[in-house]
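S.K.: 3D, please:
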Amino acid sequence: MTANAERIGVVCPACSPELETVHEVLKEGGQLTVRCTECDHVHKTTPPEDDEIQRDVVVSQDGESFSDTVDVPAEEALSVGEEFLLETEEAILTVRITSLELDSGRVDSAEAEDVETIWTRVVGNVAVNTTIHPKEGTREGTRSERLQVPGDYEFVVGETDNLGDLEFTVEGIHIREDAHGYNHEKLDHDGDMAFAKDINRLYVRDEATTAWSAW
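M.R.: Below is the predicted model of the structure:
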């Protein structure tokens, strides 16, 4: 048993069959193996159910949004940037919390029981806003594209990528405000990497071969 063993409150058949006492969890599973801290009796018990509450959730995807509900443990702490699976009638979506709405306004973190609405965006599959600079030596102008990719797709500064009929080299990445784990908001050094779901805008250089004719 480690010093950081999980402890739960359940009844003990040996010393307290009616009132809960503190138990150490020895083994997890469908049935927990626990030891009473009062009398050291070891027995099996059913894991206590977390009290869940239903909260409104607003989901944003590709410029559109819809509302649903989600069940959350009442004592769970929620924070901007956290991701969870949301089961809707149409699909199961991976979403990221972008804001938490309380009665007093919006915050970045709060206890679930204090939250009225959880604002999220879909990050399982995303559309990345991309600025494409023309290939050097051409007369084409800068243009914008929206690249549809999995949320965990990696873009690396300095590397050439192929998506559909596009071939480009990543020159810079602007990170979203709700993304975590990045040292800077703008990435522009070779080797800097960001996941598609964390990107606010991608800056690339067109590398596609353009057919040329003298006629």
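
S.K.: tell me what H23 is bridged to.
M.R.: H23 has the following beta-bridge partners by DSSP bridges: I8, C36.

S.K.: thought I175 was touching Y182, still the case?
M.R.: Yes: Y182 lies in contact with I175 (Cβ atoms under 8 Å); the separation is 5.1 Å. Just so you know, the C-beta spots here come from the backbone N, C-alpha and C atoms, and that holds for glycine as well.

S.K.: quick check on D198: phi, psi?
M.R.: Here is the backbone geometry of D198 (degrees, to the nearest 10): phi -100, psi 0.

S.K.: state the distance from the spatially most central residue of the chain to G63.
M.R.: Geometric centre of the chain, nearest residue: E83, 2.8 Å, by Cα atoms, centre = their mean. Remark: distance between E83 and G63 (Cβ to Cβ, to the nearest Å) = 20 Å.

S.K.: one more: D188?
M.R.: In terms of Cβ to Cβ, D188 sits 27 Å off from G63.

S.K.: between the two, which has more neighbouring residues?
M.R.: D188 (14 against 7; other Cβ atoms under 10 Å).

S.K.: ok, and the closest non-adjacent residue to the more buried one?
M.R.: Excluding the flanking residues, the one nearest D188 by Cβ to Cβ, 6 or more residues apart in numbering is G172, at 4.5 Å.

S.K.: just checking, that neighbour touches N200?
M.R.: No: look at G172 against N200 with Cβ under 8 Å: they stay out of range, at 11.2 Å.

S.K.: how is this protein partitioned into domains?
M.R.: Domain segmentation of the chain under automatic domain parsing yields 7-45, 52-123, 126-206.

S.K.: and those domains as TSV, adding mean pLDDT?
M.R.: Below are those laid out as TSV (pLDDT from 0 to 100):
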stretch	mean pLDDT
domain 7-45	89
domain 52-123	92
domain 126-206	94
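
S.K.: how far away is the closest residue in space to K27 that isn't next to it in sequence from E113?
M.R.: Spatial nearest neighbour of K27, excluding adjacent residues (Cβ to Cβ, 6+ apart): T33 at 3.9 Å. Using Cβ to Cβ, T33 is found at 31 Å from E113.
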